[in-house]
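**Student:** coordinates only, sequence not included:
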Ligand code: ZN
Ligand code: FE
């Protein structure tokens, strides 16, 4: 049985820790201190580091983590897995679409999905975790009710990346890297004011945040129902785009117009 826990970092990042009660793999450790505090509190040792993309808030803690935890439980250096086409400091294994990542501690397997758009070489890790079920660690590609900004990719690339994530089984838990849900839901409701599932989710998000709880992970099925960036082909979203005066001649243009609307939404 494995467990996945969020380690809050910076203002609104989540570093995800996957553990078996002894060793933990951490996903996107942008800073080391909260990870080391979590490991000490939970009585865990560091077994692996997994990175989705090159931004500093996702890999900035790697050097300090390796300095504090020079060896994994098997006595070997702690592996650092990251995307092949990006600059990832201390990376020991470069991975691409379709690669299988097999970690020893905790023992688990993940497969790599290339999801360019937020960055050019962004990857996600999908798998089936014992005791949890299907999961995906998607960094800054998909968020609860939103998606990452297009810093290095085109709308067509990001749309294809989100289509890839949306094609995972509905029950797949989506472990994204930021708590952006409230502002994402505010935008989503402007796009789809008549989406009843979204209205219910808005109330749930408010309750969770008022209680100081994370709103993630959500699931792929949930995102398909409420995330406008997974719904850019829906007539309701297209009508909203038309209402904004957006030119949307094809799916990529519609997606790009939706992303641009969100970029300027306050
Ligand atoms: Zn990022
Ligand atoms: Fe980020």
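**Tutor:** Nice, I can see it. Every value quoted in this text rests on a predicted model; they were computed, and no experiment measured them. Ligands and ions are numbered 1, 2, ... in the order given.
**Student:** which one is residue 25 nearest to, not counting chain neighbours?
**Tutor:** residue 48 (4.0 Å; Cβ to Cβ, 6 or more residues apart in numbering). C-beta: built from backbone N, CA, C; applies to glycine.
**Student:** isn't that neighbour right next to residue 81, touching?
**Tutor:** Yes - with contact defined as Cβ atoms under 8 Å, residue 48 counts as touching residue 81 (6.9 Å).
**Student:** on that earlier part again, can you give me the mean pLDDT across the helix or strand hosting the residue nearest to residue 25?
**Tutor:** Using DSSP states H and E, residue 48 sits within strand 45-50. On average, the pLDDT along strand 45-50 is 98.
**Student:** the helix or strand just after it and ligand 1 in contact?
**Tutor:** Counting by DSSP H and E, the next helix or strand C-terminal to strand 45-50 is helix 56-59. No - using Cβ under 5 Å from the ion, helix 56-59 stays clear of ligand 1, coming no nearer than 6.0 Å.
**Student:** identify each buried residue in the strand holding residue 48, please.
**Tutor:** Neighbour-count burial for strand 45-50, counted by 16 or more other Cβ atoms under 10 Å, picks out 46-50.
**Student:** next: stretch 68-85.
**Tutor:** Buried-residue list, stretch 68-85, by 16+ other Cβ under 10 Å: 69, 72, 78-85.
**Student:** now the terminal residues of it, how far apart.
**Tutor:** 27 Å (Cα to Cα, to the nearest Å).
**Student:** for stretch 212-223, same thing?
**Tutor:** 22 Å.
**Student:** and residue 124, how close does it get to ligand 1?
**Tutor:** Distance from residue 124 to ligand 1, counting by Cβ to the ion, to the nearest Å: 13 Å.
**Student:** and the one residue sitting closest to the centre of the chain, backbone torsions?
**Tutor:** Taking Cα atoms, centre = their mean as the criterion, residue 176 is the residue nearest the geometric centre of the chain, at 2.5 Å. The phi/psi pair for residue 176 (degrees, to the nearest 10) reads phi -90, psi 170.
**Student:** write out the residues of the stretch 1-150 of the chain neighbouring ligand 1.
**Tutor:** 55, 140.
**Student:** show me where the stretch 1-150 of the chain has helices.
**Tutor:** 33-42, 56-59, 62-68 (DSSP state H, counting those that start in this stretch).
**Student:** reformat these as a markdown table; add distance to ligand 2 and mean pLDDT.
**Tutor:** Conversion of the helices of the stretch 1-150 of the chain to a markdown table gives the following (distance: least, Cβ to the ion, whole Å; pLDDT from 0 to 100):
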| stretch | distance to ligand 2 | mean pLDDT |
| --- | --- | --- |
| helix 33-42 | 15 | 98 |
| helix 56-59 | 5 | 98 |
| helix 62-68 | 15 | 98 |
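**Student:** most tightly surrounded among those?
**Tutor:** helix 56-59 (a mean of 20; mean count of other Cβ atoms under 10 Å).
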